[in-house]
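Enquirer: fold the following.
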Amino acid sequence: MSDPTRLPAYKTRMAQTPHRLPTDTDNGLLLIISGPSGAGKTTITRGVERSIADSVFSVSCTTRAKTPADTDGVDYHFIDDATFESMKSRGEFFETAGVYGKKYGTPKAPVLEHLRRGRLVILEIDVQGAMQIKQQVPDAFALFILPPTEEELHRRLRDRKRESDEQIKRRFDAAKAEIESAKASGVYNVFIVNDNLEAAIKRACDLVAGERARRAGK
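Expert: Prediction:
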């Protein structure tokens with residue numbers, strides 16, 4: 001687990017630099033990207049982050065164990081349960097969720113600081129989290145990534161070769177339920193069908209650029 005003082009220390013450093021920087025703008029935008037397992041949301045999120053110069057990926061906190069593939073502070077902030085609950089009680093999360101017995105949360109302070117500096121702040125969260133965010137930041141711009149078909153979604157989950165048939169079925173059923181929940185939520189501005197990865201990334205980037213221009217009155 002990571003040092004539980006890490007996030008408060010980071011927040012302190014942010015507080016010590018309140019003045020605007022030469023790269024600051026008034027064009028901050030909170031971007032939510034959601035989608036079920038197998039839809040390609042993480043790859044699209046990273047593609048948007050690489051393509052837009054002032055974008056910042058919001059790193060969530062989690063109580064799940066760090067895997068060899070994870071980088072602390074890049075993929076997640078890995079913290080223990082007591083630290084998570086302490087942060088939650090102090091209102092330091094925008095949203096929290098429980099997934100398979102583990103806790104996840106979006107730290108509030110870094111997001112607000114980057115927005116103040118005019119950045120594009122990207123949150124990759126589920127529908128439940130998106131609904132919580134929208135209650136607090138109604139003008140957040142939300143995209144939901146869809147697979148081309150249910151058959152293609154099932155194929156993608158199967159081709160990962162990570163899980164048993166039973167686990168794949170559970171993820172497939174959860175993915176279908178998440179899609180229905182997203183459509184019924186009224187949270188998402190645009191649904192993007194990922195039938196071509198590069199085209200989906202470009203579509204997301206174009207939508208963000210268009211939304212920022214619209215808000216700037218251009």
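
Enquirer: correct me if wrong, but Glu113 is in a strand.
Expert: No: checked against DSSP: H, G, I helix; E, B strand; the rest coil, Glu113 lies outside a strand; its state is helix.

Enquirer: tell me how far it lies from Gly28.
Expert: Remark: distance between Glu113 and Gly28 (CB to CB, to the nearest Å) = 10 Å. Yep, even glycine has a C-beta here, placed from its N, CA and C like the rest.

Enquirer: next: Ser86.
Expert: 28 Å.

Enquirer: got a list of what Ala209 touches?
Expert: Taking CB atoms under 8 Å, 6 or more residues apart in numbering as the contact definition, Ala209 lies against Ile52.

Enquirer: now do 6 Å
Expert: Shown in contact with Ala209 (CB atoms under 6 Å, 6 or more residues apart in numbering): no residues.

Enquirer: try Tyr104
Expert: Tyr104 sits next to 60, 62, 97 when contact means CB under 6 Å, 6+ apart.

Enquirer: restricted to strands, list these.
Expert: With strands taken from DSSP state E, the overlap with the contacts of Tyr104 comprises 62, 97.

Enquirer: give me the ChimeraX select line for the contacts of Tyr104, limited to the buried ones.
Expert: Applying 16 or more other CB atoms under 10 Å to these leaves a buried subset, and the ChimeraX line that selects it is:
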select :60,62,97
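
Enquirer: between the contacts of Tyr104, which is nearest Leu197?
Expert: Taking CB to CB as the measure, Leu197 lies nearest Ser60 of the contacts of Tyr104, at 23.3 Å.

Enquirer: just for the chain, where's the confidence low?
Expert: Within the chain, the set of residues satisfying pLDDT under 70 comprises 1-26, 218.

Enquirer: switch to 90 and redo it
Expert: Low-confidence regions of the chain, defined by pLDDT under 90, span residues 1-27, 37-38, 69-70, 73-75, 97-101, 153-172, 216-218.

Enquirer: so which residue is smack in the middle of this structure?
Expert: The geometric centre of the chain, computed from its C-alpha atoms, lies nearest to Glu124 (CA atoms, centre = their mean), at 1.3 Å.

Enquirer: torsion angles phi and psi at the closest residue to it other than its chain neighbours?
Expert: Counting by CB to CB, 6 or more residues apart in numbering, the nearest residue to Glu124 once its immediate chain neighbours are dropped is Thr45, at 4.7 Å. Reported as degrees, to the nearest 10, the phi and psi values for Thr45 are phi -60, psi -50.
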